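Chemist: sequence first, then the predicted structure:
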Amino acid sequence: MKIKYEFATETVEVEVSAEMYALHMELNRVEYNNNHRETRRHISLDTGLEHSEWLRSYDSDVYQQIAAEEDAANIRAAIDALSDSQKDLIQKIFDEGMSIKDYAEACGVKPSAISHRIRTIRNNLKEILK
């Protein structure tokens, strides 16, 4: 029987007895099974960049998302605790993008008064969110 060895530049065949051939085949099977058992759940780092997402940890993303959702819920609750006029000011200036000057003209007050109200609202929110 012949055992065939393939190298990078050549192929060699060796004539062996049936007994040696059976032993060779058994050792190859055992080596294959051991290698398969040890590596079948592993991902080679040589597989390329397209698999780099397998190396990324998703735990931190989940925790950050949960924390952001909790923060948003707390901020909404804090805003709900403000007076209606304060909520209106927040909505007009921060949500709709109205300028302080335009809001002051609509309310019939000076822009410095609106700036003071915004400072008061920020302080109130800080107290609520402690």
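Modeler: Done, it's in.
Chemist: once you drop chain neighbours, what's closest to residue 86?
Modeler: Distance criterion Cβ to Cβ, 6 or more residues apart in numbering; nearest residue to residue 86, sequence neighbours excluded, is residue 121 at 5.2 Å. Heads up, the C-betas are built off the backbone N, CA and C, glycines and all.
Chemist: surely the one you found is in contact with residue 82?
Modeler: Yes. Between residue 121 and residue 82 there is a contact at 6.6 Å, judged by Cβ atoms under 8 Å.
Chemist: wait, what's in contact with the residue nearest to residue 86?
Modeler: 82, 86, 89, 90 (Cβ atoms under 8 Å, 6 or more residues apart in numbering).
Chemist: what is the most widely separated pair among these?
Modeler: Across those, the longest distance by Cβ to Cβ is 9.0 Å; it joins 82 and 89.
Chemist: confirm that residue 13 sits in a helix.
Modeler: No. Using DSSP: H, G, I helix; E, B strand; the rest coil, the assignment for residue 13 is strand, not a helix.
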